[in-house]
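>>> Following is a predicted model, sequence given first.
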Amino acid sequence: MQNIVLAGATGGIGRAIADRLLREEGIRVWGLCRAPEDEKAWQADHDGRLTLGRWDATSPDQFGNRLADLLPDDLEVSGLIYAAGLLHGEGLKPEKRLEDLDMASLNHAFTVNALAYPMLVQALLPWLRHGESKRLMAISAKVGSLEDNRVGGWYAYRASKAALNMFVRNLAIEMPRRSKKVCCVAVHPGTTRTALSAPFEQSLAQLQVHDTDDTANNLVKIFLALTEKDNGRFINWDGTDLPW
Ligand SMILES: NC(=O)c1ccc[n+]([C@@H]2O[C@H](COP(=O)([O-])OP(=O)(O)OC[C@H]3O[C@@H](n4cnc5c(N)ncnc54)[C@H](OP(=O)(O)O)[C@@H]3O)[C@@H](O)[C@H]2O)c1
């Protein structure tokens, strides 16, 4: 049985990934979200292969306790997918110019989009100390690419995703020193119809937009095929490489 921890399990992309993973045999999903009590029916649909635990990215000092509440001590975790993230909400909207920047919003975006990821990997270490393969996949965004940034704006989102990408690169260097069969990557899911992209519906008309099931198919295909050879890649939804 492969045990996959999925953070952001009740988001648009996260939920679709969980459902897609659970269509595979031999996979159990341990989901982290902010309101697991609202998801009893969803868990019941999956005959004990989906277990949800409470977790908030803004409380990193709690991550160890939250994982200990969710995961049996002797569980071997073979994968982590980080699908939490935000672009707008709680006082944050994508900035068009310097005057729009706000310190509290920048902090919040950095915490959820970037800082919580390595803190979660750190908290997960006790469940990763086994000799089998491990895949760690962070859902990033193409707009976090330094090289790809030609239009500016979206300061908090772009910069926090660039920071997430740097965390992935660091993990890709350190984790193989601890264990041979490990792969750490960042992925761009492609523009996907979710609450995150909903306010931009008009501009989306010019883009290729995926529904959540398409995106989950693309990302789970990438995730399940990851090997040590992919370690350190920034992967587009179609499997091609993106510039950092
Ligand atoms: N949709 C797109 O077009 C697109 C494009 C590029 C990249 N992405 C990335 O894909 C990932 C998933 O986005 P989505 O489109 O699925 O957005 P979404 O439907 O808005 O889901 C966002 C997820 O982030 C979680 N989250 C937000 N704040 C949190 C906090 N303080 N603590 C814990 N979890 C928190 C939400 O948890 P709750 O369920 O508890 O609210 C939810 O699971 C994000 O990293 C996003 O940047 C999306």
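Everything's here; your move.

>>> Spatially nearest residue to residue 134, not counting backbone neighbours?
residue 182 (4.7 Å; C-beta to C-beta, 6 or more residues apart in numbering). Where you see a C-beta, it was placed from the backbone N, CA and C, and this is true even at glycine.

>>> Report the contact partners of the one you found.
Counting by C-beta atoms under 8 Å, 6 or more residues apart in numbering, residue 182 touches 133, 134, 135, 136, 175, 176, 228, 231.

>>> What are the boundaries of the strands in the protein?
2-7, 27-33, 50-54, 77-82, 134-139, 182-187, 234-235 (DSSP state E).

>>> distance between the ends of stretch 220-229?
17 Å (C-alpha to C-alpha, to the nearest Å).

>>> Next, the angle from the top helix by length along the chain to strand 77-82.
Counting residues, the longest helix found in the chain (DSSP state H) is helix 155-178. Helix 155-178 runs at 170 degrees relative to strand 77-82, counting by axes from the mean of the first three to the mean of the last three C-alpha atoms, to 10 degrees.

>>> Show residues contacting helix 155-178.
For helix 155-178, the external contacting residues (C-beta under 8 Å, 6+ apart) are 85, 87, 92, 94-95, 98, 100-101, 105-106, 109-110, 112-115, 117-118, 121, 134, 136, 138, 140-141, 143-146, 149, 182, 184-186, 228, 231-232, 234, 244.

>>> Next, give phi and psi for residue 94.
phi -50, psi 120 (degrees, to the nearest 10).

>>> how close does the nearest residue to it once chain neighbours are set aside sit to residue 142?
The spatially closest residue to residue 94, leaving aside those adjacent along the chain, is residue 154, at 4.4 Å (C-beta to C-beta, 6+ apart). Distance, residue 154 to residue 142, using C-beta to C-beta, to the nearest Å: 11 Å.

>>> Make TSV out of the contacts of residue 182 and add neighbour count, distance to residue 70 and pLDDT.
Shown next, in TSV, are those (neighbours: other C-beta atoms under 10 Å; distance: C-beta to C-beta, whole Å; pLDDT from 0 to 100):
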residue	neighbour count	distance to residue 70	pLDDT
133	16	22	95
134	26	18	97
135	24	19	98
136	27	17	98
175	18	21	97
176	17	26	96
228	14	27	96
231	20	26	98
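
>>> among these, which are within reach of the ligand?
Taking C-beta under 6 Å from any ligand atom as the test, the ligand is in contact with none of the contacts of residue 182.

>>> Pick the one among those residues closest to residue 18.
Taking C-beta to C-beta as the measure, residue 18 lies nearest residue 135 of the contacts of residue 182, at 15.7 Å.
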